[in-house]
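In: structural data only, the sequence is not supplied:
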C-alpha cells in the first residue's frame, strides 16, 4: 500500500504538468527557476544545465551544441581543460549513491562476488557432483576422492575468477569517466542537435528518491525501453550530469569486442553471454553479481525488452535479468530495490534503415570495431532531439507483496547486522511455486512496460508519420497535414499522455522541423496548387507511427471489429453491428494480439465499455441501447456526424491496426501452407525448420503484396510474424521442438482431390475470421477466389519446404557439405 508521502508526491507531480525541460547537453546556461521550488537540486555552478521552460504560454529553447575547434578553438580547449581538471560538476566527486570510480573498485567487487555464500556453495556442490560422477564411473579410486574434490574446487574458482573479470563493470578511474562523458556528450550533441531533454519535475523526483536510496544503501534499477544503442549512452550522460551514481548497464557480450568492449566495461557495461549452454556455474555467477550490486546499493540498468525494438513499439518483456533481480528479493538475500521505468523517445532513430533490413530477413551484422568507428559518419546528421522521461520509482518488494498477499502468507522482515559494507537488513525467503513465480514475473514485466508507456512523450516525427500513414489519399496538403496533427495532438493530451514541447512555437514550425529531421522518408511536391507531402518509405515511417499506437490500440480494435459490418456497404442500418458480434470480434482480436501490444489491465468488459463511451463522446460512433434498458447496449454504428466528415477519425483508428491484422493473417495463411502433403501426414510427421519457415512466410508475404492480395508491405516483417507464431503455439495450433515447427495433428486441414488443401476445418476458420477484419482492397471482394489463389501459392511453398526437409534428412551424416538444391532455397 502507498503511504501518504508517496500519494502526496504523486499528486504533486501530476499537478505540475507545466514543469520545465532541461537540455542536458548545453553546458553554458544556468537553470531557470521552474514551477517547483523547495525541492530543487543544489545550485549549479557557472557551467550548468540549460533549461527549456515548457508551459502552455511561454517557452525558451536553450539547446546549444558544444563548441567546435574549427569555429571556436579557444572555447573548445577551455571545455576540454574544465573536463580534465574536473571543474564544478565535472569532477563527479560526490555522486548521489554508493561510491564509484575509485582505485580498487574492481577488486573489491570481485572479492565480494567470489566470496559470497551463493557462489561458494555452488562451487562446492559442483565439485562434489563431479567427484561422485567420476567415482561411479570407475575413473576415481575412493582414496583419492578428497584430493580430487579440492582440485576441482580450485579449478572452478579459477573459472569463476575469469568469468567475473569478463563480466563485471570496472568503475576505477575518474579521469576515464570524465573523458568518456565528454566524448559521449560531443557525439550526442552533434548527432541530436536539438539536445537530450528531461522533465525538471521528474528529475526532482528522481533525485529525491536517489538520495533516500543512498541513505538506505538501496539500489535503483533503471528499466528503459530499447530502441537504439543511444539509449544507454543517453542515460549514462544524464546520470553523470545530474550527479547520480552511474548504473551498471547489462549488455550482451556481442559488444565485448577488442578495444570497444574494454572501453564500455570501464564506462559501466555488465556483460552477459547470449548463450549459456550447459554451463552450470555461469547462472550462479550472474546471480552472485546481481546480489552483490543490490546488497551494496549500486544502481543497475537493463532493458526489459531484452533487445532493441525494430518496429518502434514496445516488445513483450524478457524475463532473464528480471528473474535474477526477483530472486535476490524473494530469496531474502536482498531486502528491496527501487524500480525506475524509463522512456527514451527520438525524433529519428539512427538504426531504422538497418532495422528494416533485418525485419525483411537480411541477417543482422555482427558488431565490430570498424562499424563502431564508422559511427562518426552520423555526427554531421541533424536528427532532432531525444526526450528521456522517468516514471516515479517504486519498491519491488512492495510490488511483490501486493501481488502475493492474497495467495501467500509472508512473514515479517527480520533485521540482521552486517559488517561487509552492505545493506544491514535482509528479509526472510518468500516461498513460491513455479506457477506463482511465472505469474509474478509476467506481472512485473508488463507493469514496467505499462509504466514506460505512461511516462512516454510523443515526438513530432511520430505525429507526422502517424498522420501520413492513416490517410486514404496518396498525399496530403500542408494545411490538412497541420490540421490532422493538431487533432492527433489533442487526442493524445486528452488521454493523459504527453507530446514533446518545443518552446511554445506554432504547429507549423514544429511540423517543418519534424519534416527536416525525418528527411527523405517523406516526399514533397512543390509544383502543385498546394505543397503536398507523401510517404516515400512507408515501412520505415511505420517505425514512428508505432511509437503512438499503444495510446489508441483499444479504439483501433473496436473500429476494426465494426469494419466487419462497415465493409459490407449499404445504408447505415446495414452497417450496424450488434453488441454480441462486436464483443466477439473485440475479444478475438485482443487474444490474437496479446503478444503484440500492452493492454490496460482492467479486463475486456471494462476496457470495451470505456472505449465505446470515449468513441461516442468523440462523436465517432453512435451507441444504440435496448428499449428495455438505457444501460444495455444493443448495437453500435458510425455516427451521422462522422459520416459527414468522411469517416476521417474512424478510418484513422482502422489504419492504425490494419497492418498488424494483415501480418497475423499472413502468418495464418503461411501456417495453413505447411499442411503435410500426402504420405507425410502421420502423427510424427510434418516437421520443418523454424528459421526456414519464417523465411518462406516472408517470401509468401512479399509475393502477395506485389500481387495485390496484401495491402501493407510492413506486414511481412519478421517480428510480427514471430509474435503471431508464438500466439499460435500458445493456443496449441503449432508446436516447436529442437528448431523445428509443425501444425499439431488435430489442427491440420484436410487434403482433397489431387492433394489440395480444403478450405475448411478449425485452422481455416481461424484464418477466415482474421480475414473479415482486414481492409477491403483490390481483388479481394470475392473471398472464395482469393482463398483459392492465396492458398494455392502457400501450399506450393509448403510442398517445396517439405521436399527440402526430406533432402536434408537424406544428406544428414554425409561428410561432404550439403549442396544447395531447389528454387526455394535459392530464393531464400
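Out: Received it, and whenever you're ready, just let me know what you need. As the structure is a computational prediction, the values presented were derived from the model and not from experiment.
In: in the protein, what secondary structure element scores lowest on mean pLDDT?
Out: Least confident helix or strand, the chain: strand 50-52 with a mean of 35, by mean pLDDT, DSSP states H and E.
In: quick check: residue 174 vs residue 210, distance?
Out: 19 Å (C-beta to C-beta, to the nearest Å). In this view, the C-beta of every residue, glycine as well, is placed from N, C-alpha and C.
In: neighbour count: the two, which is higher?
Out: It is residue 210, of residue 174 and residue 210, that has more neighbours when counted by other C-beta atoms under 10 Å, with 24 against 17.
In: check which helix or strand covers the more buried one.
Out: Using DSSP states H and E, the element containing residue 210 is helix 200-215.
In: note down every partner strand of the following helix or strand past that helix and its orientation.
Out: Using DSSP H and E, the helix or strand that follows helix 200-215 in sequence is strand 220-224. Strand pairing for strand 220-224, using DSSP bridges, gives strand 300-301 (parallel), strand 338-346 (parallel).
In: skip ahead from strand 220-224 and say which helix or strand is next.
Out: Of the helices and strands lying after strand 220-224 in sequence (DSSP H and E), the nearest is helix 230-242.
In: buried residues, the helix holding residue 210. List them.
Out: Buried residues in helix 200-215, counting neighbours by 16 or more other C-beta atoms under 10 Å, are found at 200, 201, 202, 203, 204, 205, 206, 207, 209, 210, 213, 214.
In: again, but for stretch 387-402
Out: Result for stretch 387-402 [16+ other C-beta under 10 Å]: buried residues 387-397, 399-400.
In: my read is that residue 717 contacts residue 313, right?
Out: No - look at residue 717 against residue 313 with C-beta atoms under 8 Å: they stay out of range, at 11.7 Å.
In: more neighbours, the two?
Out: Taking other C-beta under 10 Å, residue 717 and residue 313 do not tie; residue 717 has more neighbours (25 against 22).
In: ok, and the closest non-adjacent residue to that one?
Out: Spatial nearest neighbour of residue 717, chain neighbours left out: residue 359 (3.8 Å); criterion: C-beta to C-beta, 6 or more residues apart in numbering.
In: residues contacting the one you found?
Out: 310, 311, 539, 717, 718, 719 (C-beta atoms under 8 Å, 6 or more residues apart in numbering).
In: tell me the one among those nearest to residue 807.
Out: Nearest to residue 807 among these, counting by C-beta to C-beta, is residue 718 at 24.7 Å.
In: on the three-state scheme, the residue positioned nearest the centre of the chain is what?
Out: The structure's the chain has its C-alpha centroid closest to residue 314; by C-alpha atoms, centre = their mean the separation is 3.5 Å. With DSSP: H, G, I helix; E, B strand; the rest coil as the basis, residue 314 sits in coil.
In: so which strand or helix has residue 156?
Out: According to DSSP H and E, residue 156 maps onto helix 145-167.
In: so what pLDDT did residue 319 get?
Out: With respect to pLDDT, residue 319 has a value of 90.
In: residues in contact with it?
Out: Here residue 319 is in contact with 441, 442, 445 (criterion: C-beta under 8 Å, 6+ apart).
In: and it, how far from residue 194?
Out: 36 Å.
In: before we move on, back to that, so after the helix holding residue 156, what's the next helix or strand?
Out: Moving toward the C-terminus from helix 145-167, the next element (DSSP H and E) is helix 174-191.
In: list the buried residues in that following helix.
Out: By neighbour count with 16+ other C-beta under 10 Å, helix 174-191 contains the buried residues 174, 177-178, 180-182, 184-191.
In: pLDDT of stretch 124-131, averaged?
Out: On average, stretch 124-131 scores 92.
In: stretch 330-349 too?
Out: Stretch 330-349 comes out with an average pLDDT of 94.
In: what's the answer for stretch 433-452, then?
Out: For stretch 433-452, the mean pLDDT works out to 92.
In: any idea how far the helix or strand hosting residue 809 is from the chain center?
Out: Following DSSP H and E, the helix or strand that holds residue 809 is helix 783-811. In terms of C-alpha atoms, centre = their mean, to the nearest Å, the centre of helix 783-811 is set 34 Å apart from its chain centre.
In: what packs against it?
Out: Contacts defined by 3 or more C-beta pairs under 8 Å, 6 or more residues apart in numbering; DSSP states H and E place helix 783-811 against helix 648-673, strand 688-689, helix 690-706, helix 762-771, helix 823-827.
In: angle of that helix against helix 762-771?
Out: Inter-element angle recorded for helix 783-811 and helix 762-771: 130 degrees (by axes from the mean of the first three to the mean of the last three C-alpha atoms, to 10 degrees).
In: tell me which residues in helix 783-811 are buried?
Out: Of the residues in helix 783-811, 786-787, 790-791, 793-795, 797-802, 804-805, 807 count as buried by neighbour count, 16+ other C-beta under 10 Å.
In: quick check: pLDDT value at residue 192.
Out: Residue 192 is given a pLDDT of 87.
In: kindly report the same for residue 368.
Out: pLDDT, residue 368: 55.
In: before we move on, what about residue 185?
Out: Note for residue 185: predicted pLDDT of 85.
In: by neighbour count, which of the contacts of residue 319 wins?
Out: Within the contacts of residue 319, most neighbours by other C-beta under 10 Å means residue 445, with 20 neighbours.
In: name the residues that touch stretch 728-737?
Out: By C-beta under 8 Å, 6+ apart, the residues outside stretch 728-737 that reach it are 595, 667-668, 671, 687, 690, 725, 741-744, 747, 763, 766.
In: quick one, domains of the protein?
Out: Listed domain ranges for the chain are 4-100+171-247+299-454, 105-167, 456-548, 552-646, 658-827 (source: automatic domain parsing).
In: I'd like these laid out as TSV, including distance to residue 285.
Out: Formatted as TSV, the domains of the chain follow (distance: least, C-beta to C-beta, whole Å):
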stretch	distance to residue 285
domain 4-100+171-247+299-454	11
domain 105-167	5
domain 456-548	35
domain 552-646	31
domain 658-827	28
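In: closest to residue 652 out of these?
Out: Minimum separation from residue 652 across the domains of the chain (C-beta to C-beta) falls at domain 456-548, 4.6 Å.
In: gap between the two ends of the closest one?
Out: In domain 456-548, first residue to last residue: 10 Å (C-alpha to C-alpha, to the nearest Å).
In: mean confidence (pLDDT) on it, please.
Out: Confidence for domain 456-548, expressed as mean pLDDT, is 91.
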